[in-house]
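In: return a 3D structure for these sequence lines:
(one chain, ligands or ions: 1)
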Amino acid sequence: VAHTGRTVGRLGEGDWDGKVSEIKKKIKSILPGTSCDLLPDTSHLPPEHSDVVIVGGGLLGLSVAYWLKKLESRRGGIRVLVVERDHTYSQASTGLSVGGICQQFSLPENIQLSLFSASFLRNINEYLAVTNAPPLDLQFNPSGCLLLASEKDAAAMESNVKVQKQEGAKVCLMSPDQLRNKFPWINTEGVALASYGMENEGWFDPWCLLQGLRQKVESMGVFFCQGEVTRFVSSSQRMLTTDDEMVILKRIHEVHVKMDHSLEYQPVECAIVINAAGAWSAQIAALAGIGKGPPGTLQGTKLPVEPRKRYVYVWHCPQGPGLETPLVADTSGAYFRREGLGSNYLGGRSPTEEEEPDPTNLEVDHDFFQEKVWPHLALRVPAFETLKVQTAWAGYYDYNTFDQNGVVGPHPLVVNMYFATGFSGHGLQQAPGVGRAVAEMILQGSFQTIDLSSFLFNRFYLGEKTQENTTM
Ligand SMILES: Cc1cc2nc3c(=O)[nH]c(=O)nc-3n(C[C@H](O)[C@H](O)[C@H](O)COP(=O)(O)OP(=O)(O)OC[C@H]3O[C@@H](n4cnc5c(N)ncnc54)[C@H](O)[C@@H]3O)c2cc1C
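Out: Below is the predicted model of the structure:
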């Protein structure tokens, strides 16, 4: 009104101010509450509805979110919510991993996933660029991976390398003589053959990738909520299979999120749930009723993923191998790589089943290094006899006890729960391709670029292992 000047003209300036304050008082007396009653800030709460709810905001969860938004047919077409209970990621595998990428697998699927990841990492700023944000520097170190095989494993290594080459990986075989020539710091005792990745292999900074993905998916409109998924509300329907077996099909309608530092929970209606809870994904599957049926049935088949504690030790060794050092995986299962440029290295070794440590905490066992890791390192690289351990940490593998490979795609009975979990020590390098595969399955109904059918849940019920023919 003041802007048009019409009413001001009739009342005069003084009258006008008086009238306005009178009207304001009247409105205040009619409206409930006082001027101090601000609307509560609900920005930390999840939306009431989301097409897709992703449980777990680690690398796998964020990768699925990214590809869903990237492949959606209309911008803003799909509402995606990521629920992460710990935004510091203090126990998440992603931040505690050693960042290795390597194509030296025996399964074509794993080789293809890792090759795609290498190209994703090399072109990271084409995938993850965000307006006004500086480019990402993943610190990708393409120093290659060197796998060593004993006499017993040499034939398997040879046939694995054949498959790797067929799939397009640049890997070569090396004799002990060739090894000594190229890497004079190696003692080849007990080594019959080696395979060496000349391209697309090495290590990178997992934190940087996690942060880059998070920043990107937020810019694409993905919602985030800090809270813990504690319950699913679902409906059930009885069905007869073609073998006349009665099964119960379930569909999740609502995800309950327990809010951080609170006993309050928020329900979120949804169409699809992604189980990307890493080492804790079996708990999420159990919440949806997976595995809660008679033993030996599909209904009674659990998601076989559990947390397994793995130690990483960092040591200093001024006489150690130089800058061209690849990530080395020894015949004993011990591994190491360079860490930075100051004669520092990191490494470890997966324990045997009998040595598996208690996974209830992330404390480091320093004796494990002295007794089970260092002797192998010192045998393989004599310079490591004088190494000094500087620090160490432990993290959880999202360990698939059935066949140590990923679980990808929908559950056959809880029809709208999709998995992206169970990668048992190679989830980091598989995340870009797996996120894309899960998004393809959701949006197009089948795997489009890499066929991951052998990673479906059904294999646990059928007893069909999708296993690596490992040479370590
Ligand atoms: C020591 C070590 C070394 C490794 N080295 C390599 C390597 O060199 N190369 C490689 O490729 N891979 C490596 N890995 C494996 C890799 O780190 C994992 O496979 C990968 O990070 C798994 O990612 P994720 O997103 O599934 O799990 P995470 O990063 O663990 O994320 C899962 C998230 O789910 C959240 N969550 C769980 N339950 C709930 C709930 N109920 N509600 C809400 N949120 C929940 C957790 O808080 C967590 O943040 C290594 C792992 C370890 C431990």
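
In: now do the buried residues in the longest strand along the chain.
Out: Scanning the chain for the longest strand, with DSSP state E as the assignment, gives strand 223-240. If you call a residue buried by 16 or more other C-beta atoms under 10 Å, then strand 223-240 has these buried ones: 223-229, 232, 234. Bear in mind the C-beta positions are built from the backbone N, C-alpha and C, glycine included.

In: and the ligand, which of these reach it?
Out: 228-229 (C-beta under 6 Å from any ligand atom).

In: what's near enough to touch the residue of the stretch 51-200 of the chain found nearest the ligand?
Out: The ligand sits closest to Gly58 of the stretch 51-200 of the chain, with a gap of 2.1 Å, by C-beta to the nearest ligand atom. Gly58 makes contact with 84, 89, 92-94, 210, 276, 278, according to C-beta atoms under 8 Å, 6 or more residues apart in numbering.

In: what's the answer for Val438, then?
Out: So Val438 contacts 64, 67, 274, 408-409, 418, 420 (C-beta under 8 Å, 6+ apart).

In: backbone dihedrals for Phe336, please?
Out: As for Phe336, its main-chain torsions (degrees, to the nearest 10) stand at phi -160, psi 160.

In: oh sorry, the question was meant for Val55
Out: Per-residue torsions, Val55: phi -90, psi 110 (degrees, to the nearest 10).

In: what strands flank the longest strand of the chain, and is each parallel or antiparallel?
Out: Here strand 223-240 has these sheet partners by DSSP bridges: strand 80-84 (parallel), strand 246-259 (antiparallel).

In: and the last one, is it in reach of the ligand?
Out: No - residues of strand 246-259 contacting the ligand under C-beta under 6 Å from any ligand atom: none, with a closest distance of 7.6 Å.

In: what sits up against that strand?
Out: With C-beta under 8 Å, 6+ apart as the contact definition, strand 246-259 has outside contacts at 44-46, 53, 55, 83, 225-241, 264-270, 273, 288-289, 298-299, 413-417.

In: try stretch 219-227
Out: Contacts to stretch 219-227, defined as C-beta under 8 Å, 6+ apart, come from residues 44-47, 50, 57, 65-66, 69-70, 76, 79-87, 130-131, 214, 218, 257-260, 265-266.

In: from memory Tyr418 sits against Val434, does it?
Out: No - Tyr418 is beyond contact range of Val434, at 10.8 Å (criterion: C-beta atoms under 8 Å).

In: those two: who's more crowded?
Out: Using other C-beta atoms under 10 Å as the criterion, Tyr418 and Val434 rank with Val434 on top: 31 against 25.

In: what helix or strand is that one located in?
Out: Using DSSP states H and E, Val434 maps to helix 427-444.

In: close to the ligand, is that helix?
Out: Yes - residues of helix 427-444 are located near the ligand by C-beta under 6 Å from any ligand atom, namely 427-429.

In: now the helix or strand just after that helix: buried residues?
Out: Downstream of helix 427-444, the next assigned helix or strand under DSSP H and E is helix 458-462. Buried residues in helix 458-462, counted by 16+ other C-beta under 10 Å: 459-460.

In: what is the burial count for the residue in the stretch 201-350 of the chain positioned nearest to the ligand?
Out: As assessed by C-beta to the nearest ligand atom, the ligand sits closest to Gly278 within the stretch 201-350 of the chain, at 2.6 Å. Look at Gly278: counted by other C-beta under 10 Å, it has 27 neighbours.

In: number of nearby residues for the residue nearest to it when sequence neighbours are not counted?
Out: Leaving aside its chain neighbours, Gly278 sits nearest to Asp398 (4.4 Å; criterion: C-beta to C-beta, 6 or more residues apart in numbering). Neighbour count of Asp398, defined by other C-beta under 10 Å: 29.

In: in this structure Glu167 contacts Leu115, no?
Out: Yes - if you go by C-beta under 8 Å, Glu167 and Leu115 touch, sitting 6.8 Å apart.

In: of these two, which one has the most company?
Out: Each of Glu167 and Leu115 has its neighbours counted (other C-beta under 10 Å); Leu115 has more, 22 against 18.

In: let me see the backbone angles for that one.
Out: For Leu115, the backbone dihedrals (degrees, to the nearest 10) come out as phi -70, psi -40.

In: hang on, the earlier thing: which of the strands paired with strand 223-240 is buried the deepest?
Out: strand 80-84 (a mean of 25; mean count of other C-beta atoms under 10 Å).

In: that strand and the ligand in contact?
Out: Yes - with C-beta under 6 Å from any ligand atom as the criterion, the ligand is reached by strand 80-84 at 83-84.

In: domain parsing for this structure?
Out: Domains of the chain are assigned by the TED database as 43-138+203-304+401-471, 145-197, 310-400.

In: need the ones you listed in CSV (columns: distance to Val20 and mean pLDDT).
Out: Formatted as CSV, those follow (distance: least, C-beta to C-beta, whole Å; pLDDT from 0 to 100):
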stretch, distance to Val20, mean pLDDT
domain 43-138+203-304+401-471, 33, 96
domain 145-197, 75, 98
domain 310-400, 63, 97
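
In: for the stretch 151-300 of the chain, which residues are neighbours of the ligand?
Out: Within reach of the ligand by C-beta under 6 Å from any ligand atom, the stretch 151-300 of the chain has these residues: 228-229, 276-280, 284.

In: show me where the stretch 201-350 of the chain has its helices.
Out: For the stretch 201-350 of the chain, applying DSSP state H, counting those that start in this stretch gives helices covering 206-219, 281-287.

In: out of those helices, which is closest to His376?
Out: His376 lies closest to helix 206-219 among the helices of the stretch 201-350 of the chain, at 25.0 Å (C-beta to C-beta).

In: in the helix or strand where Lys165 lies, what counts as buried?
Out: According to DSSP H and E, Lys165 maps onto helix 154-166. Residues 157, 160-161, 163-164 are the ones in helix 154-166 that count as buried (16+ other C-beta under 10 Å).

In: same question for stretch 16-25.
Out: Trp16.

In: excluding its backbone neighbours, what's nearest Asp260?
Out: Closest residue to Asp260 apart from its sequence neighbours, by C-beta to C-beta, 6+ apart: Gln226 at 4.5 Å.

In: do Gly320 as well
Out: Take Gly320 and drop its neighbours on the chain: the residue closest to it by C-beta to C-beta, 6+ apart is Ala383, 5.1 Å away.

In: just to revisit the earlier point, if you compare the domains of the chain, which one is most tucked away?
Out: Counting by mean count of other C-beta under 10 Å, domain 43-138+203-304+401-471 has the highest mean neighbour count of the domains of the chain, with a mean of 19.

In: just how off-centre is that domain within its chain?
Out: Distance, stretch centre to chain centre, for domain 43-138+203-304+401-471: 8 Å (C-alpha atoms, centre = their mean, to the nearest Å).
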